[in-house]
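*Asks:* could you look at this predicted model? Sequence included:
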Amino acid sequence: MSTDGLDPVIHAPARLRIVAALAQIARDDTIAFPRLQRELEMTAGNLSTHLRKLEDAGYVQVTKTHEKRTPVTYLALTPEGRTALRTYRTALTAILGGSS
C-alpha cells in the first residue's frame, strides 16, 4: 500500500477498469474472459497480463475449465478484491476531498 492509501495494484488504469468491471458482477457469479475482453476493449495479451497481477495479489479468481473440448476461462472478483476496491475508493475520495 502506498503512503496515500492508494493500492498500487489497483491504481494502474487498466487494472482499475478490470476490478471495477468485475465488481459489477454478482458475488457468486463469473464472467468469461472473452466477454470481459470485449467489454473493456483490451487485447487478450494486455488483459491477461493485468489479470495475472490481480490474481497474484489475491484480488481476482481465475478458473480454467473446458466446455465440450474448448478451453474456457472464467473470472471473478474475490472478497479480498472487493475489500481492496472499497478501500481504494475511500482513499481516492479522501484525496479528492469528498466524503465516502
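*Replies:* Everything's here; your move.

*Asks:* I'd say V72 and T65 touch.
*Replies:* Yes - with contact defined as C-beta atoms under 8 Å, V72 counts as touching T65 (5.6 Å). (Glycine included, C-beta is placed from N, CA and C.)

*Asks:* what about Q61, how many neighbours?
*Replies:* Using other C-beta atoms under 10 Å, Q61 has 17 neighbouring residues.

*Asks:* mind pulling up the pLDDT for the spatially most central residue of the chain?
*Replies:* Centroid check for the chain by C-alpha atoms, centre = their mean gives V19 as the closest residue, at 2.6 Å. Per-residue pLDDT puts V19 at 98.

*Asks:* that one: what's it in contact with?
*Replies:* Applying C-beta atoms under 8 Å, 6 or more residues apart in numbering to V19 gives the contacts 10, 54, 59-60, 77, 81, 84-85.

*Asks:* what packs against the helix ranked longest in the chain?
*Replies:* What stands out as the longest helix in the chain, according to DSSP state H, is helix 79-96. Packed against helix 79-96, as judged by 3 or more C-beta pairs under 8 Å, 6 or more residues apart in numbering; DSSP states H and E, are the following elements: helix 8-11, helix 13-23.

*Asks:* for the shortest one, name the packing helices and strands.
*Replies:* When you say that, I think you mean helix 8-11. helix 13-23, helix 79-96.

*Asks:* surely T63 touches I31?
*Replies:* No - counting by C-beta under 8 Å, T63 stays clear of I31, with 10.9 Å between them.
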